[in-house]
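# Next one to model:
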Amino acid sequence: MAADRLRDLLDLVLGSLDEPGAGVAALARRAHVSRDHLDRLLAAATGETPAALRRRLLLERAAWQLRTGAASATEVAAAAGYGSLAAFSRAFARAHGVAPSAFAASGRPFRLAARNGIHFHPPAGLLVPGPHAPAAPRDPTETLLRHHVDRLRGLLRAAATLPREALERPLRPGFVVLPFEGEEPTAALMARRLVTGLEVWVAAMAGEPAPDAPADDDLEGRFERAARAFARIVRAIRDRGAWADAFVDALCEPPEMFTYGGVVAHVLAVGAVRREMLASVLAELGADVPDLADPLAWEQARRR
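So this is what the prediction gives:
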């Protein structure tokens, strides 16, 4: 099943948690499929039928509510769709191994074991594993790296739609990212330093000679080559757990020692400041700049 379709079905289940008596037949009608087909779809994708998934999520939510004191046991039982406190207590004890009255002090997790990794996420959402979880969860470094590269790629393409005289117009006088580099008042200079800085750090981490300073007419091509090399280096560092390893950067005058983790953090953090200032200048100059500065917005746009 496509990830978007699965997410739509899970949203249906989530939306039904506060509907007393909501059954699989109602969910199937909303999904525009038969009840049997909905059972097969969710069971194949999650290993649970819609009814079993919904019941487990309600019991997880109930446990969280009891743990936080958000509601009394009677209120929790009603919200979970049970006709009586006794029926709820029996179901809760079977699932969680302890009576509702003892759960808050038990120290037990509110989430129940589930091979599919889908759980209630307080206060009213779902925790849905990504395509690589739980066996191989994505390192946040990967998201930061891919977002930075993709965002900068989009900005360079936007800059390429503007005339040279616009890019050289000083719109941010006094703007300084790194004191030793001085001001960068124009979009052209911001873009150039983003690409050149990436090229320099790739050479330093790879132990290669300092790159030449070619003309800006191939800025996008230079960026793509440097971005591919930087991504390979960062992933290799991550895979061997070498963040704290240090190297001597002979390109500095005089040579200096840096850790790999420090360099990667520097490139992404300084790059984000310069990158988003570039975005604001390009937008002011009339370029079409997508609102994807936030990695969350970027992830959501990729899923659509």
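# What's the local residue count around residue 10?
Counted by other C-beta atoms under 10 Å, the residues lying close to residue 10 total 19. C-betas here are computed from N, CA, C, even on glycine.
# same check, this time on residue 207
Around residue 207 there are 11 residues (other C-beta under 10 Å).
# Report the residue spans of the protein with pLDDT below the cut-off.
Residue ranges of the chain with pLDDT under 70: 1-4, 20-22, 130-138, 213-217, 250, 304.
# Count residues in the vicinity of residue 165, would you?
Residue 165 has 8 nearby residues by other C-beta under 10 Å.
# Would you list the phi and psi of it?
Here is the backbone geometry of residue 165 (degrees, to the nearest 10): phi -70, psi -30.
# Residue 173 versus that one, what's the distance?
Separation of residue 165 from residue 173 (C-beta to C-beta, to the nearest Å): 17 Å.
# And the helix or strand containing residue 149, what does it pack against?
Here residue 149, judged by DSSP states H and E, is contained in helix 140-159. If you count contacts as 3 or more C-beta pairs under 8 Å, 6 or more residues apart in numbering; DSSP states H and E, helix 140-159 packs onto helix 187-206, helix 219-239, helix 260-284, helix 295-303.
# so can I have JSON lines of those helices showing distance to residue 114 and mean neighbour count?
Shown next, in JSON lines, are the helices and strands packed on helix 140-159 (distance: least, C-beta to C-beta, whole Å; neighbours: other C-beta atoms under 10 Å):
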{"stretch": "helix 187-206", "distance to residue 114": "41", "mean neighbour count": "21"}
{"stretch": "helix 219-239", "distance to residue 114": "29", "mean neighbour count": "17"}
{"stretch": "helix 260-284", "distance to residue 114": "34", "mean neighbour count": "18"}
{"stretch": "helix 295-303", "distance to residue 114": "22", "mean neighbour count": "13"}
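# Same list (these) but as TSV, adding distance to residue 112.
What follows is the helices and strands packed on helix 140-159, written out as TSV (distance: least, C-beta to C-beta, whole Å):
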stretch	distance to residue 112
helix 187-206	45
helix 219-239	32
helix 260-284	37
helix 295-303	27
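# and of those helices, who's closest to residue 253?
helix 187-206 (12.6 Å; C-beta to C-beta).
# Could you report the neighbour count for residue 148?
Neighbour tally, residue 148, other C-beta under 10 Å: 23.
# One more: residue 114?
Residues contacting residue 114 under the criterion other C-beta under 10 Å number 16.
# Not counting sequence-adjacent ones, nearest residue to it?
Counting by C-beta to C-beta, 6 or more residues apart in numbering, residue 56 is the residue found nearest to residue 114 once chain neighbours are left out, at 6.6 Å.
# Next, the buried residues of the helix or strand hosting that neighbour.
Here residue 56, judged by DSSP H and E, is contained in helix 50-68. If you call a residue buried by 16 or more other C-beta atoms under 10 Å, then helix 50-68 has these buried ones: 50, 52-67.
# same deal with stretch 6-25?
By neighbour count on 16+ other C-beta under 10 Å, the buried set for stretch 6-25 is 6, 9, 10, 12, 13, 14, 16, 17, 22, 24.
# Give me the angle between the strand or helix carrying residue 45 and helix 50-68.
In the assignment (DSSP H and E), residue 45 maps to helix 35-46. In terms of direction (axes from the mean of the first three to the mean of the last three C-alpha atoms, to 10 degrees), helix 35-46 departs from helix 50-68 by 60 degrees.
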